[in-house]
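Enquirer: I'd like to go over a predicted model; first the sequence, then the structure.
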Amino acid sequence: QVQLVESGGGLVQAGGSLRLSCAASGRAFSRYYVMGWFRQAPGKERETVAVISGSGDSTSYEDSVKGRFTISRDNAKNTVYLQMNSLKAEDTAVYYCATTRSMGWATRPYEYAYWGQGTQVTVSS
């Protein structure tokens, strides 16, 4: 059973930065699987924020976070990160990390089988 545990959320002022971490366990060879960060604000659907390939060579970002957020991973530590800079009030949401059940590129939430419990990010304006 794959387990994902997020950390690093909190309250920050607009323009500030946060780094989220997601530690994965329960599955060997994590470097073969895509991992992603997603977010869900109250009353809104869950949306993809950023996705990274198993090797870390390929990434994809939602348009509103391009140039501000950076996804990375350390396969030796089974951990994926989301560095968030120049935060805006509209970035406020619960942030989730997730990974797929099978190998292959995936960018949409329904393609992900394993999810963390989420971490709250609140940006005050």
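Expert: Perfect, I can see it now.

Enquirer: most centrally placed residue in this protein?
Expert: Nearest residue to the geometric centre of the chain (Cα atoms, centre = their mean): residue 37, 1.9 Å.

Enquirer: does it touch residue 47 like I think?
Expert: No. Applying Cβ atoms under 8 Å, one finds residue 37 not in contact with residue 47, separated by 10.2 Å. (Glycine included, C-beta is placed from N, CA and C.)

Enquirer: on that earlier part again, can you tell me the element the residue nearest to the centre of the chain falls in?
Expert: Taking DSSP states H and E as the criterion, the element that holds residue 37 is strand 35-40.

Enquirer: flag every buried residue along that strand.
Expert: 35-39 (16 or more other Cβ atoms under 10 Å).

Enquirer: put together CSV for those residues, with distance to residue 94 and pLDDT on each row.
Expert: Shown next, in CSV, are these (distance: Cβ to Cβ, whole Å; pLDDT from 0 to 100):
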residue, distance to residue 94, pLDDT
35, 17, 96
36, 15, 97
37, 11, 98
38, 9, 98
39, 7, 98
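
Enquirer: can you add distance to residue 81 and give those residues back as a markdown table?
Expert: Formatted as a markdown table, those follow (distance: Cβ to Cβ, whole Å):
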| residue | distance to residue 81 |
| --- | --- |
| 35 | 10 |
| 36 | 12 |
| 37 | 9 |
| 38 | 15 |
| 39 | 15 |
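
Enquirer: strands of this protein, start to end?
Expert: 3-7, 10-13, 18-25, 35-40, 47-52, 59-61, 69-74, 79-84, 93-99, 114-115, 119-124 (DSSP state E).

Enquirer: from the contact counts, what lies against the shortest one?
Expert: Put plainly, it is strand 114-115. Judged by 3 or more Cβ pairs under 8 Å, 6 or more residues apart in numbering; DSSP states H and E, strand 114-115 is in contact with strand 3-7, strand 93-99.

Enquirer: kindly report the same for the fifth one.
Expert: Helices and strands in packing contact with strand 47-52 are listed as strand 35-40, strand 59-61, strand 69-74, strand 79-84; criterion 3+ Cβ pairs under 8 Å, 6+ apart.
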